[in-house]
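[1] my questions are about this predicted structure, shown below with the sequence.
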Amino acid sequence: MQSWFPFIPESASTISGDVDAVYFYGIEYPPRDVRLGLVEASENKIGSPVDALMLYCYHYDPATGKYGAVVMNIMKVAGVITVGLIVGMLLVLRKRGMQNQLAARDAVAP
């Protein structure tokens, strides 16, 4: 006789070592949320540095059962990226200016 168990899951969960659970409700789970849940439950032992950055910018909201953006953390990351780009641009412009000065001096020299 064949056994049939009519169980349809309505949620999935990830549980970390300190028994913090993240629940995903429904029958379709967004891949990004499941991935972040697994990385968070493993305490960043799995996943890439990009996943760690995503966990810094997104936190689990138990009310909605999804990961949501944390605006202040996103602004901090954007600020660091902006400062890095400005410093990089200044270094490139300074190097080009020095090269132009050397070229102009060599052109004038007899």
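    Yes, it's here.
[2] for the host helix or strand of residue 78, name the packing helices and strands.
    Here residue 78 sits within helix 71-108, counting by DSSP states H and E. Judged by 3 or more C-beta pairs under 8 Å, 6 or more residues apart in numbering; DSSP states H and E, helix 71-108 is in contact with helix 49-57. Where C-beta positions appear, they are placed from N, C-alpha and C, glycine not excepted.
[3] what does the helix it packs on rub up against?
    Residues from elsewhere that reach helix 49-57 (C-beta atoms under 8 Å, 6 or more residues apart in numbering): 32, 35-36, 39-40, 44, 69-70, 73-74, 77.
[4] could you give the average pLDDT over stretch 49-56?
    Stretch 49-56 shows a mean pLDDT of 82.
[5] buried sites along that stretch?
    By 16 or more other C-beta atoms under 10 Å, the buried positions in stretch 49-56 come out as 51, 54-55.
[6] look up how far residue 70 lies from residue 33.
    Remark: distance between residue 33 and residue 70 (C-beta to C-beta, to the nearest Å) = 15 Å.
[7] so residue 28 belongs to a helix, correct?
    No - when the secondary structure is assigned by DSSP: H, G, I helix; E, B strand; the rest coil, residue 28 falls in coil instead of a helix.
[8] before we move on, the earlier item: report the buried members of the contacts of helix 49-57.
    If we count by 16+ other C-beta under 10 Å, the contacts of helix 49-57 have these buried: 35-36, 39-40.
[9] circling back: quick check: of the buried residues of stretch 49-56, which lies closest to residue 98?
    residue 54 (39.6 Å; C-beta to C-beta).
[10] state the distance from residue 48 to residue 54.
    Counting by C-beta to C-beta, the separation of residue 48 from residue 54 is 9 Å.
[11] re the thing from before, what is the nearest of the contacts of helix 49-57 to residue 89?
    Closest to residue 89, out of all of the contacts of helix 49-57 and judged by C-beta to C-beta, is residue 77, at 18.8 Å.
[12] which residues touch the closest one?
    53, 56-57.
[13] so residue 37 makes contact with residue 65?
    No - assessed by C-beta atoms under 8 Å, residue 37 is found out of contact with residue 65, at 10.3 Å.
[14] so which of those two has more stuff around it?
    residue 37 (23 against 17; other C-beta atoms under 10 Å).
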